[in-house]
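Chemist: here you go, sequence then predicted model.
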Amino acid sequence: MLDGCVPWPGELAERYRAAGYWVEQTLDVLLRDGARRHLDRTALVAADGTRFTWAELDAWADRIAAGLVAAGLAPQDRVLVQLPNVPEFVALFFGLLRAQVLPVLALPAHRESEIVPLCELSGAVAYFVAEDDGAGYDYRDLARTVIKAVPSVRQVFVVGDPAEFAPLPTADPIELPAADPFAPALFLLSGGTTGTPKLIPRTHTDYLYNARASAEVSGFTAETVYLVALPAAHNFALASPGLLGAMSTGGTVVLAPDPSADTVFELIERERVTVTAVVPPIALLWMDVVDFMDADLSTLELIQVGGAKFNPEPAARVRETLGCDLQQVFGMAEGLLNFTRLDDADELKITTQGAPLCPADELLIVDEEGEPVAPGESGELLTRGPYTLRGYYRAAEHNSRAFTADGFYRSGDVVRQLPSGHLIVEGRRKDQINRGGEKIPAEELENHLLAHPAVHDAAVVGMPDEVMGERTCAFVVVKGDAPALREVTAFLRERGVAAYKLPDRLEVLDEFPQTKVGKVSKVALVRLLTGEDG
């Protein structure tokens with residue numbers, strides 16, 4: 001196990017192997033075996049219609065793996081990967097696996113305030129980016145900042161015009177040593193509740209189970225055509241079941257550059273897509289506009305909705321508006337996944353967020369003192385299992401709080417469990433806003449706000465919203481004249497804060513309400529927003 005990662009205890013590891021959850025295969029088996037079995041069938045389709053067979057994608061990954069080695073990258077080196085939904089993301093992902101170089105998968109929306117700390121924490125030696133985001137943002141400018149700020153980052157590779165940097169490396173294929181199936185294969189990012197980024201190590205075996213079991217419970221087959229509408233680096237779109245799940249069954253993966261209805265509906269019709277996955281705000285948008293768009297969605301069989309709670313009212317309208325089945329998915333990049341089953345009664349599909357994926361998933365629902373609640377009562381969800389991490393990377397102090405002594409992960413989610421095993425998500429215990437599936441750490445945004453010259457104090461809370469689930473409200477106490485929201489967001493953008501983290505609303509108070517122990521009462525702040533205090 002890589003230094004800084006927390007292994008599973010030996011007894012549990014043996015149990016997971018014996019039960020067949022962990023197998024001695026690496027994630028690369030999904031492409032390598034797929035190429036042997038399917039050869040000239042289509043594996044991957046770009047938004048512009050460019051198609052790659054299994055054999056072509058496999059050979060491309062081999063060339064990239066050789067190029068990585070030729071560029072001086074070595075096994076267990078960490079690299080930061082920030083690419084949009086382009087074929088290079090998939091080829092690079094498998095090339096990195098083959099070279100045993102560990103990708104830290106950042107999202108396209110991340111900016112300096114996220115990327116620099118991630119590079120520092122991971123000790124990244126290289127940074128892979130696209131030329132731009134297609135809307136005017138140049139990632140090469142961000143790369144220039146990263147190179148100056150993080151000495152460990154020695155190389156930048158660019159998909160597109162590399163400018164002074166290097167293009168995606170390729171070379172003639174070479175023989176490479178096999179990876180350890182039980183070693184880390186990649187790092188995902190936690191939504192987090194503070195400004196400190198947390199890295200989630202996923203091993204080949206645990207993530208392979210994650211993808212394969214998710215594909216099975218979602219009914220994926222070789223005939224599945226899966227549309228990647230969310231960022232491919234996101235756990236939901238990558239392996240829950242995502243593009244890796246589709247590949248595990250020999251299905252076809254279609255890449256969408258964005259989740260807009262215009263883009264997605266055209267791709268569904270053109271490529272005869274059968275399954276896709278989105279967060280609730282996107283599902284709501286699609287349902288609102290589908291009647292006004294000339295698109296044939298008749299091949300769409302299933303839409304998976306997760307990332308945030310999907311409320312029952314819109315969930316009940318999926319079939320009549322989009323003409324397909326609904327599968328609710330509730331999970332976390334840290335591990336545990338819950339799915340409504342395809343043969344569940346409509347009531348469960350509409351009102352719950354699914355039941356645990358694996359028979360070995362262990363769940364505890366506890367009160368504020370850590371004691372189990374009565375069956376059917378609400379409490380914080382704690383979990384451990386064969387694909388749930390035992391600790392964040394290089395985060396010993398945080399791990400002591402985020403995990404119990406016997407290895408249960410404290411999710412921060414408030415849930416209740418039905419006799420059927422299905423969960424109903426009721427909120428978050430952690431200080432975090434879930435804005436349409438995008439997790440916004442309140443403390444991180446508060447720290448940025450406190451840097452504004454006019455802000456004396458800041459408190460960030462989530463305000464209920466029918467479309468996004470929650471939006472972000474920043475309460476501030478000011479030193480002089482109150483800044484406008486427009487001024488504050490411009491200031492935050494200059495500090496490199498990602499767009500989805502910018503506050504939707506700004507409220508100025510003379511002082512913050514406090515709890516009995518003198519802390520800011522965010523409960524009282526939320527009540528001010530909802531009118532419960534008059």
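Modeler: Sure, I can see it.
Chemist: quickly find the element holding the nearest residue to S378 once chain neighbours are set aside.
Modeler: Counting by Cβ to Cβ, 6 or more residues apart in numbering, S378 lies nearest to R416, which is 4.6 Å off, once chain neighbours are set aside. Any C-beta I mention is one placed from the backbone N, CA and C, and that applies to glycine too. Assigned by DSSP states H and E, R416 falls within strand 409-417.
Chemist: what sits up against that strand?
Modeler: When contacts are defined by Cβ atoms under 8 Å, 6 or more residues apart in numbering, strand 409-417 is touched by residues 193, 332, 334-336, 353, 363, 365, 375-384, 388-389, 401-404, 423-430, 432.
Chemist: just these: which are in helices?
Modeler: Of the contacts of strand 409-417, the ones assigned to helices by DSSP state H are R401, A402.
Chemist: buried subset of the contacts of strand 409-417, written for PyMOL?
Modeler: Of those, the buried ones can be selected in PyMOL as follows, counting by 16 or more other Cβ atoms under 10 Å:
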select buried, resi 193+332+334+335+336+353+363+365+378+379+380+381+382+383+384+388+389+402+403+423+424+425+428+430+432
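Chemist: in strands, which of the contacts of strand 409-417 fall?
Modeler: Among the contacts of strand 409-417, the members falling in strands (DSSP state E) are 363, 365, 379-384, 423-428, 432.
Chemist: count the neighbours of the residue nearest to L423 when sequence neighbours are not counted for me.
Modeler: Take L423 and drop its neighbours on the chain: the residue closest to it by Cβ to Cβ, 6+ apart is V415, 4.7 Å away. V415 has 21 neighbours, counted by other Cβ atoms under 10 Å.
Chemist: cool, E347 as well?
Modeler: 11.
Chemist: ok, the one 4 residues further on next?
Modeler: Residues near T351, counting by other Cβ under 10 Å, number 18.
Chemist: so which bits of the helix ranked longest in the chain are buried?
Modeler: Counting residues, the longest helix found in the chain (DSSP H) is helix 54-70. When neighbours are counted by 16+ other Cβ under 10 Å, the buried residues of helix 54-70 are found to be 54-58, 60-69.
Chemist: cool, stretch 403-421 as well?
Modeler: Neighbour-count burial for stretch 403-421, counted by 16+ other Cβ under 10 Å, picks out F403, G407, F408, Y409, R410, S411, G412, D413, V414, V415, R416, Q417.
Chemist: how far off centre is that stretch?
Modeler: A distance of 20 Å separates the centroid of the chain from that of stretch 403-421, by Cα atoms, centre = their mean, to the nearest Å.
Chemist: ends of it, how far apart?
Modeler: Length of stretch 403-421, first residue to last, Cα to Cα, to the nearest Å: 23 Å.
Chemist: quick one: average confidence on it?
Modeler: For stretch 403-421, mean pLDDT rounds to 96.
Chemist: do stretch 369-381 as well
Modeler: For stretch 369-381, the mean per-residue pLDDT is 94.
Chemist: what does that stretch rub up against?
Modeler: Residues from elsewhere that reach stretch 369-381 (Cβ under 8 Å, 6+ apart): 363-368, 404, 410-419, 423, 426, 429.
Chemist: hmm, D62 is touching P173, no?
Modeler: Yes. Contact criterion Cβ atoms under 8 Å: D62 and P173 qualify, at 4.1 Å.
Chemist: for the residue of the chain most remote from its centre, what are its contacts?
Modeler: Within the chain, the residue lying farthest from the chain centre (Cα atoms, centre = their mean) is G480, at 39.8 Å. By Cβ under 8 Å, 6+ apart, the contact set of G480 is A454.
Chemist: also I433?
Modeler: K439, I440, A442, V460, V461, G462, E470, R471, T472.
Chemist: and A47, by the same measure?
Modeler: A47 makes contact with N85, L255, A256, P257, T263, L267, according to Cβ under 8 Å, 6+ apart.
Chemist: where does the fifth one land in three-state SS?
Modeler: Applying DSSP: H, G, I helix; E, B strand; the rest coil to T263 yields a three-state assignment of helix.
Chemist: what is the neighbour count of it?
Modeler: With neighbours defined by other Cβ under 10 Å, the count for T263 comes to 14.
Chemist: and the longest helix of the chain, what does it pack onto?
Modeler: Secondary-structure packing of helix 54-70 (3 or more Cβ pairs under 8 Å, 6 or more residues apart in numbering; DSSP states H and E): helix 29-38, strand 42-45, helix 87-99.
Chemist: how about the ones you listed in a markdown table, adding mean neighbour count?
Modeler: As requested, the helices and strands packed on helix 54-70 are exported to a markdown table (neighbours: other Cβ atoms under 10 Å):
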| stretch | mean neighbour count |
| --- | --- |
| helix 29-38 | 19 |
| strand 42-45 | 22 |
| helix 87-99 | 24 |
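Chemist: save the ones you listed as JSON lines, and put in mean pLDDT too.
Modeler: Listed next are these as JSON lines, based on pLDDT from 0 to 100:
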{"stretch": "helix 29-38", "mean pLDDT": "97"}
{"stretch": "strand 42-45", "mean pLDDT": "98"}
{"stretch": "helix 87-99", "mean pLDDT": "98"}
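Chemist: now render the ones you listed as JSON lines, adding distance to G306.
Modeler: Output for the helices and strands packed on helix 54-70, formatted as JSON lines (distance: least, Cβ to Cβ, whole Å):
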{"stretch": "helix 29-38", "distance to G306": "22"}
{"stretch": "strand 42-45", "distance to G306": "23"}
{"stretch": "helix 87-99", "distance to G306": "21"}
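Chemist: quickly find the element holding N447.
Modeler: Per DSSP H and E, N447 falls inside helix 442-450.
Chemist: with V156 instead?
Modeler: V156 belongs to strand 155-159, assigned by DSSP H and E.
Chemist: parallel or antiparallel, list what pairs with the helix or strand following that strand.
Modeler: Toward the C-terminus, strand 155-159 is succeeded by strand 166-167 as the next helix or strand (DSSP H and E). Strand pairing for strand 166-167, determined by DSSP bridges: strand 155-159 (parallel).
Chemist: list the contacts of the partner strand.
Modeler: Contacts for strand 155-159 (Cβ under 8 Å, 6+ apart): 71-72, 83, 86, 88, 125-131, 139-140, 143, 146-147, 162, 165-169.
Chemist: off-centre distance for stretch 379-398?
Modeler: The chain centroid and the centroid of stretch 379-398 are separated by 16 Å under Cα atoms, centre = their mean.
Chemist: alpha carbons only: can I get it in PDB?
Modeler: Extracted in PDB, the C-alpha atoms of stretch 379-398 (Å, rounded to 0.1, in the frame of the first residue of the first chain):
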ATOM      1  CA  GLY A 379     -29.600   9.600  12.300                       C
ATOM      2  CA  GLU A 380     -26.200  10.000  10.800                       C
ATOM      3  CA  LEU A 381     -25.100   7.200   8.400                       C
ATOM      4  CA  LEU A 382     -21.900   5.400   9.200                       C
ATOM      5  CA  THR A 383     -20.600   2.700   6.900                       C
ATOM      6  CA  ARG A 384     -17.800   0.300   6.000                       C
ATOM      7  CA  GLY A 385     -17.400  -2.300   3.400                       C
ATOM      8  CA  PRO A 386     -15.300  -3.800   0.600                       C
ATOM      9  CA  TYR A 387     -15.300  -0.600  -1.500                       C
ATOM     10  CA  THR A 388     -15.400   2.100   1.200                       C
ATOM     11  CA  LEU A 389     -12.100   3.700   2.100                       C
ATOM     12  CA  ARG A 390     -10.500   3.200   5.500                       C
ATOM     13  CA  GLY A 391      -8.800   6.600   5.500                       C
ATOM     14  CA  TYR A 392      -8.100   9.700   3.300                       C
ATOM     15  CA  TYR A 393      -4.600  10.100   1.800                       C
ATOM     16  CA  ARG A 394      -2.100  11.800   4.100                       C
ATOM     17  CA  ALA A 395      -4.800  12.900   6.500                       C
ATOM     18  CA  ALA A 396      -4.100  11.200   9.800                       C
ATOM     19  CA  GLU A 397      -5.600  14.000  12.000                       C
ATOM     20  CA  HIS A 398      -8.800  14.300   9.900                       C
END
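Chemist: brilliant, that's me finished.
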